[in-house]
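Asker: what's the 3D shape of this:
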Amino acid sequence: MQIEKDYSLGLHFTFEPSKNLPIYNWLYYKEAFSPYVVERFIEEKDRLVYDPFCGVGTTLLRSKESGIKSMGTDASSLAVFASRVKTNDYSEEDAKALEDWINGIDLGCYGCVDWRFELFSPSKAFPKRNLHEIIKIREAIDSLEGKAKDLALLALVCILPMSSLIVKDGGVLRIDNSKRAGQASELFKRKIKHYVDDIRNNAIKGPLPEVNVGSALSIDANPDKIITSPPYLNSIDYTKVYGLEISLLNLDEKAAVVDRGLSMPSFITKKTEAVLTGRDYIDSFAFIPIVGNYFDFTIKVIKEMHRKLRPGGKVVYVVADAVISTTYIPVDEICARIAEEEGFESKVIIGLRRKTRINGRIFDTRESAVVMEK
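Answerer: Alright, predicted model coming up:
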């Protein structure tokens, strides 16, 4: 296993560089990397790029922009929906349909949607006026069709954090009644204008990606390249962090539960039991139950990637090391070692280092791209 350092790469392991990029910024998704990571590793000769943890579609959108065919899956219905909307093709007719609808909407005609969330009532999460407006807008969106409907629904989901009393505190949704929430209807109109302007001025042309809800354990293609980032081993359940968005998108209180069933086990639940992988360098951490589950899934993912990747293909697997119960876990090196045992040549490119304080102790942690070549 080779270990290299490239701290210019680490600047792009977060969503921050995408915040000012048209279309990439249609939905703020803290966990996504920036398109530069994709730029760094794709090549003109690539016939198909795949992302088995596609998130909000950065790999797919950048591949489309580069004229390369791409496919992606994700366990999250929200992520797949956002990826499809962001990577779709749009015309002036789509922009005008959305613009005409928002300019003529009468929210007084709506308000019967039944919105429920598994953790608490949405009435606790929003000022009363905003809750009523969101429910009216959600029902009004169903009067739309096709691409305009999808764009409007993504815009509504996107404004939930700004219009709510919710603070996303690590892996916890916390209600802060002192938070100043923006007015939902005005935030929604601004977001629609943002989308319309991008369609008219910043349209991205290229091969239309294929995106589906599914597990990373089943890759339905033979890609030349896989560029992805799995959930980090950080005990955060993203189906809860984005649970309000998932429930409003699907109008289903149990939608997040369904997504959770397909997700990589990176967080501890009441049913989590220690799993032994038969690999000493992993099982030495077996006293932390989630670690065995996480790497057992990782082994299966890497096996599947090696099985489906074309000869000479390459995987770029962005991960972060973890500190759980003051135990440091070198996730990048473990993934690289798994890759070598499954037939890959591997390299760890350390892109970011940071100091992390856990229970009064300082840990030197890092984020890396694990490159696996078949």
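
Asker: just confirm N177 is within a strand.
Answerer: No. Counting by DSSP: H, G, I helix; E, B strand; the rest coil, N177 falls outside a strand, being coil.

Asker: so how many other residues sit close to it?
Answerer: Look at N177: counted by other C-beta atoms under 10 Å, it has 7 neighbours. Yep, even glycine has a C-beta here, placed from its N, CA and C like the rest.

Asker: and if you look at E39?
Answerer: E39 sits with 12 neighbouring residues when counted by other C-beta under 10 Å.

Asker: cool, and the one 5 residues further on?
Answerer: Using other C-beta under 10 Å as the criterion, E44 is surrounded by 7 other residues.

Asker: need the contact list for it.
Answerer: Each residue near E44 by C-beta atoms under 8 Å, 6 or more residues apart in numbering is listed here: S66.

Asker: return the distance of it relative to P223.
Answerer: Taking C-beta to C-beta, to the nearest Å as the measure, E44 falls 15 Å from P223.

Asker: next: E133.
Answerer: Counting by C-beta to C-beta, the gap between E133 and P223 amounts to 43 Å.

Asker: next one: S91
Answerer: Spatial separation of S91 from P223 under the definition C-beta to C-beta is 29 Å.

Asker: these two: which is more packed in?
Answerer: Counted by other C-beta under 10 Å, S91 and P223 do not tie: P223 has more neighbours, with 24 against 12.

Asker: what's the longest helix in this structure?
Answerer: Residue-count comparison of every helix in the chain, with assignments taken from DSSP state H, identifies helix 289-308 as the longest.

Asker: relative to helix 289-308, how tilted is the following helix or strand past it?
Answerer: Moving toward the C-terminus from helix 289-308, the first helix or strand encountered (DSSP states H and E) is strand 314-320. If you take axes from the mean of the first three to the mean of the last three C-alpha atoms, to 10 degrees, strand 314-320 sits at 170 degrees to helix 289-308.

Asker: helices or strands up against strand 314-320?
Answerer: helix 35-41, strand 225-228, helix 331-341, strand 361-373 (3 or more C-beta pairs under 8 Å, 6 or more residues apart in numbering; DSSP states H and E).

Asker: ok, and which of those has the densest surroundings?
Answerer: strand 225-228 (a mean of 27; mean count of other C-beta atoms under 10 Å).

Asker: report the distance from that strand to the chain centre.
Answerer: The gap between the average C-alpha position of strand 225-228 and the chain average comes to 14 Å, counting by C-alpha atoms, centre = their mean, to the nearest Å.
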